[in-house]
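> Could you look at this predicted model? Sequence included:
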Number of protein chains: 2
Amino acid sequence: MTKPPLPTRLSGPAESPGFLLWKISNAWQRRLRVALQPYEITHSQFVLLATATWFGAEETLTQARLSQLSGIDPMTTSQVLRALEAAGLIERIDHPQDPRAKAITVTKAGRDLARKAVVAVEDADAAFFEPLASDTKRLVAMFQALVAGHEVDPK
Amino acid sequence: MTKPPLPTRLSGPAESPGFLLWKISNAWQRRLRVALQPYEITHSQFVLLATATWFGAEETLTQARLSQLSGIDPMTTSQVLRALEAAGLIERIDHPQDPRAKAITVTKAGRDLARKAVVAVEDADAAFFEPLASDTKRLVAMFQALVAGHEVDPK
DNA sequence: ACATTATAGTATGCGCGCTTATTATAAGCG
DNA sequence: CGCTTATAATAAGCGCGCATACTATAATGT
């Protein structure tokens, strides 16, 4: 009966879902960094580029709108979009209706790169979750429940 | 039959396990930041402090050892441990056997803080995964499978 | 003993995710 | 119309999670 050094309910970090989540997320980020390396973009850049490509066909996108669509905070969105602009993948022009805003459009180079990168990302994703095999569906359902449970109300 | 802007297999990001993992991990980080705010330490600082407290009772810890135990890379471990030292929570003395290494010990203040913070972290963790209720066990099992599948061999 | 290889720790630098604060302008309201 | 409130974008700054490269020393093999 030795006195434990910490009053934890767990016998170690390996059982903590949060600790595991953190480790897995880091591993996934590493995997994606490698997968996107040939395209010379980062994960966040990919997310915004893909989001802009996807939704840009339907509406005039502002940075604020892209921020909500992607889940990337407005500050990071601003910074990443400027990087994408510097790389010639998007354009940020003054919004015709609202001078505070920027209208974001994807260039041809951006669309082409998005089309290639999305395949690489989905392949990397599939490879990463492959150990779960068909249970991946269940994982996605759990993830969706968690996301729903932690929605950041935009109010 | 409109031509989709991207050749994705998914109808949107909401079904991608990787995208969901990323969002959830960010949400969890936010939650932990808030939970640890009263203690004025970050998540990484907590992980290293708790790890050092836990294992420091059994062995002489070096930064390299703490790095493997915590899963935090050596560079970040170095930086975070210096922050913990500056806060008076640990001490970094020259290792008695190996002059390259530092021997890490937790101060009384560090142990006291770890004891309190670990409760806050576990509460935050429980609250975060509460939407899954008893399915959390299953999630942990899946997480462990993923971790096992992406082990970074220390070879 | 010596040469090779491995290891402990750190400097530097990058991008993300965030907080706080600021500027400019839109939108709502009496 | 004028006032208040909300919103779009950004500056500055912090800590993490890396990658790369370096110094110093241990460990190993012959």
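Arrived safely.

> is the worst-scoring helix or strand of chain A on mean pLDDT anywhere near chain B?
The weakest-scoring helix or strand in chain A, judged by mean pLDDT, DSSP states H and E, is helix A:136-149 (a mean of 94). Yes. Applying C-beta under 8 Å from any C-beta of the partner chain, one finds that helix A:136-149 is in contact with chain B at A:136, A:138, A:139, A:140, A:142, A:143, A:144, A:145, A:146, A:147, A:148, A:149. All C-beta spots, glycine's among them, are computed from the backbone N, C-alpha and C.

> Identify the residues contacting that helix?
Helix A:136-149 has contacts (C-beta atoms under 8 Å, 6 or more residues apart in numbering or on different chains) with A:129, A:132, B:14-15, B:17, B:20-21, B:23-24, B:27, B:128-132, B:135, B:138-139, B:142.

> Do the longest helix seen in chain A and chain B come into contact?
In chain A, ranked by residue count with DSSP state H as the criterion, the top helix is helix A:108-129. Yes. Counting by C-beta under 8 Å from any C-beta, chain B has neighbours in helix A:108-129: A:111, A:114, A:115, A:118, A:119, A:121, A:122, A:124, A:125, A:128, A:129.

> Next, the angle helix B:136-149 makes with the least confident helix or strand of chain A.
Relative orientation of helix A:136-149 with respect to helix B:136-149: 120 degrees, computed using axes from the mean of the first three to the mean of the last three C-alpha atoms, to 10 degrees.

> just how off-centre is the longest helix of chain A within its chain?
Relative to its parent chain, helix A:108-129 has a centroid offset of 12 Å by C-alpha atoms, centre = their mean, to the nearest Å.

> before we move on, what about stretch A:68-78?
For stretch A:68-78, the separation from the chain centroid amounts to 10 Å (computed by C-alpha atoms, centre = their mean).

> Just the buried residues of that stretch, please?
Residues of stretch A:68-78 classed as buried under the neighbour-count rule (16 or more other C-beta atoms under 10 Å in any protein chain shown) are A:69, A:70, A:71, A:72, A:77, A:78.

> Repeat that for stretch A:80-96.
By neighbour count, with 16+ other C-beta under 10 Å as the criterion, the buried positions of stretch A:80-96 are A:80, A:81, A:84, A:85, A:87, A:89, A:90, A:92, A:95.

> Run through the strands of chain A in chain order.
A:90-94, A:102-106 (DSSP state E).

> Do you know the pLDDT at residue A:9?
According to the predicted model, the pLDDT of residue A:9 comes to 51.

> now the one 4 residues further on
Reading off the confidence values, residue A:13 has pLDDT 61.

> Residue A:41 reaches residue A:113, doesn't it?
Yes. Between residue A:41 and residue A:113 a contact is recorded at 7.2 Å, counting by C-beta atoms under 8 Å.

> overlap in contacts of the two?
Here residue A:41 and residue A:113 share the contacting residues A:49, A:89, scored by C-beta under 8 Å, 6+ apart.

> my read: residue A:72 touches residue A:43, true?
No. Here residue A:72 lies out of contact with residue A:43, judged by C-beta under 8 Å, at a distance of 10.2 Å.
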